[in-house]
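Participant: sequence-free structure coming up:
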């Protein structure tokens, strides 16, 4: 029998996992704010948080988060087979699957999201840095996934602001 | 202490895992042959097998294989947390992380590899079909990874044939 | 002075260019139907056409179409500098920028769209085949873009059907 | 009659175009050095320049450069049709095809190259900044392509250093 996970279960499970792993949506919103404030003078923290929450409703993002956190947790427990256990445990710089998973999840939000992801991967700020440097815990995937959520929320705002601008210009509803 | 996995260990571990999961490099070579024979009249099965083996020396491919097989095996044992366990167990059509992992690993071999991967994902042939339909086992990631290996080996041959053609033309070593 | 092209102008310009180059949205809808009918028994041609039209409202798709058609047209007029003129004129198999542009535009619709694009690139059907083999005209970019539009419309339907299924299950509006 | 451009012509044409558009390979090497020096204490400017030159031998990179520069030059001459002319002329922030072309060309060098490209796209440094802010000229595509070349050369060095390390460890030739 095929059990189909519905979208509500999926979203709730994703949010629970993020909380369990110490991710704070408010802190992701701060990163989004830093990424977009130069382009949107009227940007508020609230709008950023709203964008983060919207991104987390998307199936591709949810799936990537569930896979990444699962691998981090299993590595923390030493439950993976070698050599994968060492690759994830040591956050091996050429591993790449963490970036690939985050990259694939960011594709849905356009080139601004993709480029912002790359930037946040190199210039780890705020919660991404906290996760990357937390001792005793393994966040090989999670720091890239948080960067991905922030990047997608930033890309989403950039497109939305343009849509809003156009709809005012054209006097049509968004 | 950081343990760095060297390239030899990584390659051997990858080949062992593939064999354990029933993958036959000869059968992947057959898929490569079918994908490239129309473009290369002199193509041999041996050249295809050689290309498969070369692709399997590449770090990105090895890492993706190790991650994908690990998740398949853990799902087979029921060792993943929900809802990820169900998503992978049922090979949920909108899951996407299996395709993302294969896609990321194929990027290194250019657009022919990427397009061939998409084709093999839709038109599952040979060993890809066998894996996809094997009952009692879970190959949610592995069928896409086999498609990826075949697609990369095909892309590699296409570029190599051109390089060979050019070097003859220019009378220079490849 | 910065001239910002609004979304309405952009959409209209895209539709005009597609028509000028002989693209028929009804024919793209037929490809979408063939790609998705096995997964959606209730699929109608109308729904496919509607999905094609929706995909064409998306900025990333519009931009890719405008760039690709421009290069095809300039190549047809012999107006590009060498060696790019020859590369596009001869639809050189290792060129890759045509696939890259289509791939980037398909990212927004998830892994089903990406994989379907690869499939249509290899197994050219319907209008894609017509464009690819039309003599006297250059459609190096356009055949991949038509494949991209069809692939995105197919991916969009797959996700939408699941959302519809979930909303019925959960008794909530989509 | 099909005219196949050989690899030597292609490489020379690419280097000529880059020079004509004011790109200095030494300056790209400086960006590579800044991106990689923290990971490779023994990195030299010479090694960076060598990596840049190697990246420019790759077909995917050459094709992307030829396409991007062609569109920049045509836009500078006002030779593109509207609305594409305005989109490229104004370096419209949501355009995306410039990033897509650079992204596709960087795929061949792994996730480090992709992430570095995103970083350089956001934090334009050295020659990338010079190109992005040069008045009177249009470098909508070129700044991203220079970022792409630098990112690929950086990714190439990262992988090469590891291969070197492994070969010493295993006492085998690279």
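Facilitator: Right, received. Where do you want to start? Keep in mind it's a predicted model, so treat the numbers as computed, not measured.
Participant: CA atoms for contacts and neighbours, from now on please.
Facilitator: Noted.
Participant: Name the secondary structure element that contains the spatially most central residue of chain A.
Facilitator: In chain A, the residue lying closest to the centroid (CA atoms, centre = their mean) is residue A:149, at 2.2 Å. Taking DSSP states H and E as the definition, one finds residue A:149 inside helix A:142-170.
Participant: Is chain C within reach of that helix?
Facilitator: Yes: using CA under 8 Å from any CA of the partner chain, helix A:142-170 reaches chain C at A:163, A:166.
Participant: got the contact list for the closest residue to residue A:120 other than its chain neighbours?
Facilitator: Using CA to CA, 6 or more residues apart in numbering or on different chains and skipping residues adjacent in sequence, the residue nearest residue A:120 is residue A:147, 5.8 Å away. Contacts for residue A:147 (CA atoms under 8 Å, 6 or more residues apart in numbering or on different chains) come out as A:102, A:117, A:120-121, A:128.
Participant: quick one: which of these is nearest chain B?
Facilitator: residue A:102 (9.5 Å; CA to the nearest CA).
Participant: right, and the closest one touches residue A:142 too?
Facilitator: No: counting by CA atoms under 8 Å, residue A:102 sits too far from residue A:142 to count as a contact (9.2 Å).
Participant: Could you pick out the residues of chain A near chain C for me?
Facilitator: Checking chain A against chain C by CA under 8 Å from any CA, the hits are A:6-7, A:60, A:107-110, A:163, A:166.
Participant: of those residues, closest to chain C?
Facilitator: residue A:108 (3.9 Å).
Participant: If we go by neighbour counts, what in the helix or strand where residue A:9 lies is buried?
Facilitator: Remark: residue A:9 resides in helix A:7-20, with elements defined by DSSP H and E. Buried residues in helix A:7-20, counted by 16 or more other CA atoms under 10 Å in any protein chain shown: A:7, A:10-11, A:13-15, A:18.
Participant: so how far is it from its chain's centroid?
Facilitator: 13 Å (CA atoms, centre = their mean, to the nearest Å).
Participant: now residue A:82: how far from residue A:18?
Facilitator: 26 Å (CA to CA, to the nearest Å).
Participant: near chain D, which residues of chain A show up?
Facilitator: So far as CA under 8 Å from any CA goes, chain A lies against chain D at A:94, A:96, A:99-100, A:110-112, A:114-123, A:158-159.
Participant: Which parts of the helix or strand following the helix holding residue A:9 count as buried, going by neighbours?
Facilitator: Following helix A:7-20 in sequence order, the next helix or strand is helix A:25-36 (DSSP H and E). Along helix A:25-36, these residues count as buried under the neighbour rule (16+ other CA under 10 Å): A:25-33, A:35-36.
Participant: possible to save those as JSON lines with pLDDT?
Facilitator: JSON lines is the format used below for these (pLDDT from 0 to 100):
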{"residue": "A:25", "pLDDT": "98"}
{"residue": "A:26", "pLDDT": "97"}
{"residue": "A:27", "pLDDT": "97"}
{"residue": "A:28", "pLDDT": "98"}
{"residue": "A:29", "pLDDT": "98"}
{"residue": "A:30", "pLDDT": "98"}
{"residue": "A:31", "pLDDT": "98"}
{"residue": "A:32", "pLDDT": "98"}
{"residue": "A:33", "pLDDT": "97"}
{"residue": "A:35", "pLDDT": "96"}
{"residue": "A:36", "pLDDT": "95"}
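Participant: which among those gets closest to chain B?
Facilitator: Distances from chain B to the buried residues of helix A:25-36, taken by CA to the nearest CA, are shortest for residue A:25, at 21.3 Å.
Participant: close enough to count as contact, residue A:103 and residue A:146?
Facilitator: No: counting by CA under 8 Å, residue A:103 does not reach residue A:146; the two are 11.6 Å apart.
Participant: Mind listing the shared neighbours of those two?
Facilitator: Contacts common to residue A:103 and residue A:146, judged by CA under 8 Å, 6+ apart, are absent.
Participant: which bits of chain A sit near chain B?
Facilitator: A:2-5, A:10, A:13, A:59-60, A:63-64, A:66-67, A:70, A:80-81, A:83-84, A:86-87, A:90, A:92, A:95-97, A:100-101, A:104.
Participant: Show me those residues that map onto helices.
Facilitator: A:10, A:13, A:59-60, A:63-64, A:66-67, A:70, A:84, A:86-87, A:97, A:100-101, A:104 (DSSP state H).
Participant: ranking those residues by neighbours, who comes first?
Facilitator: The residue in those with the most neighbours, by other CA atoms under 10 Å in any protein chain shown, is residue A:64 (29 neighbours).
Participant: remind me which residues of chain A are low pLDDT?
Facilitator: For chain A, the stretches flagged by pLDDT under 70 are A:1-3, A:172-174.
Participant: For residue A:44, grab phi and psi.
Facilitator: phi -120, psi 160 (degrees, to the nearest 10).
Participant: isn't it right up against residue A:34?
Facilitator: No: applying CA under 8 Å as the test, residue A:44 and residue A:34 come out as separate, 10.6 Å apart.
Participant: quick one on the thing from earlier: nearest to residue B:134 among the contacts of residue A:147?
Facilitator: residue A:102 (29.9 Å; CA to CA).
Participant: Distance of residue A:8 relative to residue A:58?
Facilitator: 11 Å.
Participant: Residue A:100 now?
Facilitator: For residue A:100 relative to residue A:58 (CA to CA), the value is 18 Å.
Participant: do residue A:21 as well
Facilitator: Taken as CA to CA, the span from residue A:21 to residue A:58 is 20 Å.
Participant: ditto for residue A:83
Facilitator: In terms of CA to CA, residue A:83 sits 32 Å off from residue A:58.
Participant: between those two, which one's more packed in?
Facilitator: residue A:83 (18 against 15).
Participant: Would you check that that one makes contact with residue B:6?
Facilitator: No: taking contacts as CA under 8 Å, residue A:83 lies outside contact range of residue B:6: 9.8 Å.
Participant: In contact with residue A:103, which residues are there?
Facilitator: Here residue A:103 is in contact with A:114, A:117, A:148 (criterion: CA under 8 Å, 6+ apart).
Participant: Please disregard the earlier target; I meant residue A:101.
Facilitator: Residue A:101 touches A:64, A:68, A:145, B:97, B:100-101, counting by CA under 8 Å, 6+ apart.
Participant: and which of the residues you listed is nearest residue D:134?
Facilitator: residue A:145 (35.8 Å).
Participant: how far away is that closest one from chain D?
Facilitator: Distance of residue A:145 to chain D, computed by CA to the nearest CA, to the nearest Å: 13 Å.
Participant: can you check residue A:143 too?
Facilitator: Taken as CA to the nearest CA, the span from residue A:143 to chain D is 14 Å.
Participant: cool, and residue A:170?
Facilitator: The value you get for residue A:170 to chain D, if CA to the nearest CA is used, is 17 Å.
Participant: Contacts for stretch A:158-165, please.
Facilitator: So stretch A:158-165 is in contact with A:36, A:112, A:174, C:7, D:94, going by CA under 8 Å, 6+ apart.
Participant: Sorry, slip of the keys, the one I care about is stretch A:116-136.
Facilitator: By CA under 8 Å, 6+ apart, stretch A:116-136 touches A:23, A:27-28, A:30-31, A:35, A:103, A:106, A:139-140, A:142-144, A:146-148, A:150-151, A:154-155, D:114-123.
Participant: Thank you kindly, that will do.
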